[in-house]
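Engineer: Sequence below, structure please.
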Amino acid sequence: FQDEAVDKSIFKDCNKIGFYRRQKLLPRKNTYRTLLNSLTSGKDSTKFQIINEVNKVPFLAEVCEIEGNIFRFKINEMAPLKPRYEVSDVLIQKPVTKRLTQCSGDTGTLVLKDDSGHLKFCITANPFKIDLFSEEKPLLSMSQLYFEHLQKLPKHRPSTESEEDVSTDPYQESQDDLGLWKETFGKFVDIKANGPSSIGLDFSLHGFEHLYGIPQHAETHQLKNTGDAEAYRLYNLDVYGYKLHDKLGIYGSIPYLLAHKIDRTVGIFWLNASETLVEINTQPTVEHKLSPKGSVLAKQKVRAQTDVRWMSESGIIDVFLLMGPTPAAVFKQYSILTGTQALPPLFSLGYHQCRWNYDDEQDVKAVDAGFDDHDIPYDVIWLDIEHTEGKRYFTWDKKKFPNPKRMQELIKSKKRKVVVISDPHIKVDPMYSLYSQAKDKGYFVKNSKGGDFEGICWPGASSYLDFTNPKVREWYSGLLAFSEYQGSTDILFVWNDMNEPSVFRGPEQTMEKNAIHYGNWEHRDLHNIYGFYQQMATAEGLIQRSKGEERPFVLTRSFFAGSQKYGAVWTGDNVSEWGYLKISIPMLLTLSVTGIPFCGADVGGFVGDPEPELLVRWYQAGAYQPFFRGHATMNTKRREPWLFGEEYTKLIREAIKERYGLLPFWYSLFYHAHVASEPVMRPLWVEFPKELETFGVEDEYMLGSALLIHPVTEPKVTMVDVFLPGSEEVWYDFRTFVRWEGARSLKVPITLDRIPVFQGGSVVPMKTAVGRSTGWMTHLPYELRVALDTKGSSRGELYLDDGHSFQYLHQKQFLHRKFSFCDGVLSSSCADENGHYHSECIVEKVLILGINKQPSSVTASSSDGTEKQVAFTYFSKTAVLHLENLSLNVVADWEIHVK
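Structural biologist: Numbers count the residues shown, from 1 in each chain. I've put the predicted structure just below:
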């Protein structure tokens with residue numbers, strides 16, 4: 001089955017997709033008319049009818065405002081033959097809505113305003129169009145509606161799957177060509193019991209040229225014009241060693257994009273879980289020279305505009321317009337709808353060691369010891385599918401892992417964790433209790449004839465759990481209980497893979513679209529949300545097994561909008577080549593701005609054998625990316641960090657130790673992602689939204705607002721061009737402390753032992769030393785790296801809790817400290833009075849960068865009034881002040897005065 005998993009010839013391009021052909025090839029006339037006299041205003045929303053003038057099918061449109069500067073627009077059939085699928089479980093709560101106020105407009109138009117009066121919807125009757133104005137300026141428009149109403153099967157064609165006679169009926173041939181009732185791809189025939197049901201809507205974004213989002217693709221961060229080429233495809237697929245710069249959808253789908261210009265950011269969230277295609281056409285700002293009037297040559301500036309067409313195979317139109325106006329406001333608005341990143345347990349921000357597969361208990365023990373022997377920190381060892389008994393999940397291979405609890409006790413004694421894999425396919429084997437239970441309960445996805453769907457995956461013949469069913473999720477969660485999952489302990493966490501779902505020998509290596517789920521919905525209606533539901537059930541199971549006390553850790557390959565609530569995501573089966581290291585940056589930036597901050601790429605590349613230089617550069621990049629895991633496929637050479645000679649071991653050790661030293665900073669960033677929906681890894685345009693030159697940058701990025709990272713993604717590099725943004729910014733080399741003004745490009749000499757990292761005006765909390773894992777670092781002292789901005793001031797934060805439980809939430813057991821340097825005083829104060837957490841930890845060391853002359857004295861004073869002299873060292877060449885042996889409690893208020 002491994003060979004089948006790598007066949008790349010099995011995926012469609014857009015022209016092979018029936019609903020895309022229909023929406024592209026049929027004449028594009030706007031045949032929809034708004035019935036303005038049908039408008040009704042309820043307590044929560046405004047409704048009106050739209051009619052298709054060709055077939056007279058009526059539709060019901062609904063528009064409302066959601067608190068937080070969000071608008072929702074829905075269109076469904078007035079009276080569909082049967083209900084159309086609407087996505088549930090993604091929105092974290094029923095939105096608090098309010099209706100818009102109707103006011104007078106021109107003849108043939110209707111105007112609705114929000115409470116503030118700053119935003120208004122202008123609805124045009126014929127043809128249907130909606131223009132959204134902000135402060136009387138056009139912001140976006142919606143037009144060119146496309147909505148295939150559900151129909152009864154025409155009598156022209158047989159409804160059976162066997163069609164032995166080759167029909168010469170031209171009606172039937174044209175129907176088949178458009179894929180209305182039947183669609184053929186290779187040997188696969190998709191019979192559509194509900195017929196054509198696709199939807200589409202055009203958006204015009206006025207004044208916008210820069211768009212981002214709609215992951216997951218191995219593509220640039222800024223979305224490209226699709227023109228006559230392939231559209232961006234959102235369809236979760238298992239694509240092993242995916243092609244670079246390709247718009248084929250891979251493992252996950254988030255139907256959400258952001259548009260940004262110097263004075264505005266907006267978002268469009270298209271809530272639909274069926275296969276979706278997005279076309280983008282940008283017309284940049286141009287100046288036309290007009291014909292001479294006398295001797296004067298007039299110029300006319302034409303504003304930029306980007307047109308976005310969303311097309312989905314089924315469901316309804318349910319779109320959320322996030323009005324910003326800033327990047328931070330859009331992130332907040334999206335989180336109001338779909339939730340924020342779950343606060344990860346601290347161990348999961350450390351380094352993870354994985355491969356397919358660690359062979360047995362002895363292998364696990366040897367790899368674990370290898371990290372200690374080579375003084376390399378790590379937190380988690382991972383077990384892939386071979387740890388099970390014949391790919392039966394929730395079991396152990398009795399020969400290779402005869403005593404899994406004892407193995408976990410060893411790992412636990414090192415304050416480390418284990419992650420095991422659990423895929424959604426279940427081996428067809430009546431003797432396998434998990435299979436027999438699920439079969440008896442009717443918990444598998446069904447085929448179109450009503451029997452259990454069966455496909456091929458790693459165990460051979462497999463059935464697939466129907467995670468869209470709440471009872472299946474509840475049952476699956478229960479399988480993680482210690483009493484159910486034999487050999488599991490409280491340090492065992494979970495990895496959901498193959499959950500697109502991957503079905504070998506299936507169409508495009510996934511499930512047939514006419515498979516049937518809970519509620520009698522077809523797989524085509526909800527394909528992109530299948531993996532989301534498995535991760536939800538897994539996370540809930542880990543919480544339940546701890547009686548609600550411990551935070552879960554779940555990594556998923558497939559994801560949807562809202563997956564951030566349940567854990568982490570990675571970029572799947574990448575390749576050990578420089579191009580894949582390079583593409584990981586824009587791929588992770590795109591995930592980060594679409595609500596999934598806990599993301600990473602397999603260090604070293606999953607497929608193939610990296611050369612040592614590439615492996616080192618990947619560790620250096622991965623150490624500054626949110627999810628940090630080394631992984632490799634079966635039949636690759638072993639690549640634990642110490643197997644390439646001492647020179648490379650040293651470099652990898654340094655990269656991993658840099659990560660561990662910065663864990664207080666990382667954890668604080670994740671707290672902000674959790675409570676304030678701020679991305680951890682940020683494109684430059686998010687931090688510098690008014691600086692046009694940042695809008696296309698994707699070879700470097702920010703961590704929070706403090707650190708700028710520029711990974712080295714090409715071989716044998718001796719110099720890299722680093723762009724330092726911000727005309728009002730100062731940047732300090734994180735290692736040499738050399739100071740640079742912002743708004744410049746810099747040529748930075750490079751050796752193999754480093755990548756460019758710069759700190760802007762900020763306070764970054766660090767640990768003064770690192771331990772063998774995060775668990776050994778709890779009581780180690782802190783260092784504050786204080787970098788002064790152009791005004792000679794600086795600020796930063798530290799978030800601290802027990803690192804693993806929900807007590808930060810339920811008992812407010814946390815510490816949130818604020819550090820600021822202003823007028824020669826560095827102060828520590830409480831950032832959130834609600835939190836209380838006891839810690840014996842001290843701030844032992846402070847480095848202040850940008851002190852331009854040697855101080856005469858430095859004193860530290862605490863809140864009880866005690867004051868003491870502080871020994872200091874000043875380095876005039878780098879303008880750095882070192883303060884050591886401070887012993888200032890991290891919990892307490894204190895000040896350091898630099899005179």
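Engineer: When you work out contacts or count neighbours from here on, use the C-alpha atoms and nothing else.
Structural biologist: Will do.
Engineer: so I656, which of the three states?
Structural biologist: helix (DSSP: H, G, I helix; E, B strand; the rest coil).
Engineer: which residues touch it?
Structural biologist: By Cα atoms under 8 Å, 6 or more residues apart in numbering, the contact list for I656 reads 351, 376-377, 619-620, 623.
Engineer: could these be laid out in TSV, adding secondary structure and distance to W475?
Structural biologist: Output for the contacts of I656, formatted as TSV (DSSP: H, G, I helix; E, B strand; the rest coil; distance: Cα to Cα, whole Å):
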residue	secondary structure	distance to W475
Y351	strand	32
I376	coil	40
P377	coil	37
Y619	helix	39
Q620	helix	41
A623	coil	37
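Engineer: Could you point out which of these is nearest to R557?
Structural biologist: Distance from R557 was checked for each of those by Cα to Cα. The minimum falls on Y351, at 18.3 Å.
Engineer: Can you tell me how far the closest one is from A539?
Structural biologist: With distances taken as Cα to Cα, to the nearest Å, Y351 is found 21 Å from A539.
Engineer: ditto for G865
Structural biologist: The span separating G865 from A539 equals 48 Å under the rule Cα to Cα.
Engineer: Looking at those two, which is more packed in?
Structural biologist: A539 (23 against 8; other Cα atoms under 10 Å).
Engineer: Mind pulling the model confidence for that one?
Structural biologist: At A539 the predicted local confidence, pLDDT, stands at 99.
Engineer: In terms of secondary structure, what does the host helix or strand of it contact?
Structural biologist: Assigned by DSSP states H and E, A539 belongs to helix 530-545. Taking 3 or more Cα pairs under 8 Å, 6 or more residues apart in numbering; DSSP states H and E as the contact definition, the neighbouring helices and strands of helix 530-545 are helix 470-478, strand 492-496, strand 554-556.
Engineer: Go through the ones you listed and pick out the most buried.
Structural biologist: Most buried of those, by mean neighbour count (mean count of other Cα atoms under 10 Å): strand 554-556, with a mean of 27.
Engineer: Number of residues surrounding the nearest residue to G315 once chain neighbours are set aside?
Structural biologist: In space, not counting the residues next to it along the chain, G315 is nearest to Y85; the distance is 4.7 Å by Cα to Cα, 6 or more residues apart in numbering. Burial measure for Y85: 18 neighbouring residues, criterion other Cα under 10 Å.
Engineer: Show me the chain divided up by domain.
Structural biologist: Listed by the TED database, the domain ranges of the chain are 31-147, 781-898.
Engineer: What is the end-to-end distance of the longest one?
Structural biologist: Going back to what we said before, that points to domain 781-898. Domain 781-898 has an end-to-end distance of 22 Å (Cα to Cα).
Engineer: What of the shortest one?
Structural biologist: Using Cα to Cα, the gap from the first to the last residue of domain 31-147 comes to 11 Å.
Engineer: Kindly report the same for stretch 778-797.
Structural biologist: Counting by Cα to Cα, the terminal residues of stretch 778-797 are separated by 18 Å.
Engineer: residues making contact with that stretch?
Structural biologist: Contacts made with stretch 778-797 from outside it, assessed by Cα under 8 Å, 6+ apart, are listed as 668, 728-730, 732, 759-770, 816-823, 840-851.
Engineer: can you rerun that using 6 Å?
Structural biologist: When contacts are taken as Cα atoms under 6 Å, 6 or more residues apart in numbering, the neighbours of stretch 778-797 outside the stretch itself are 730, 761-768, 817-822, 841-850.
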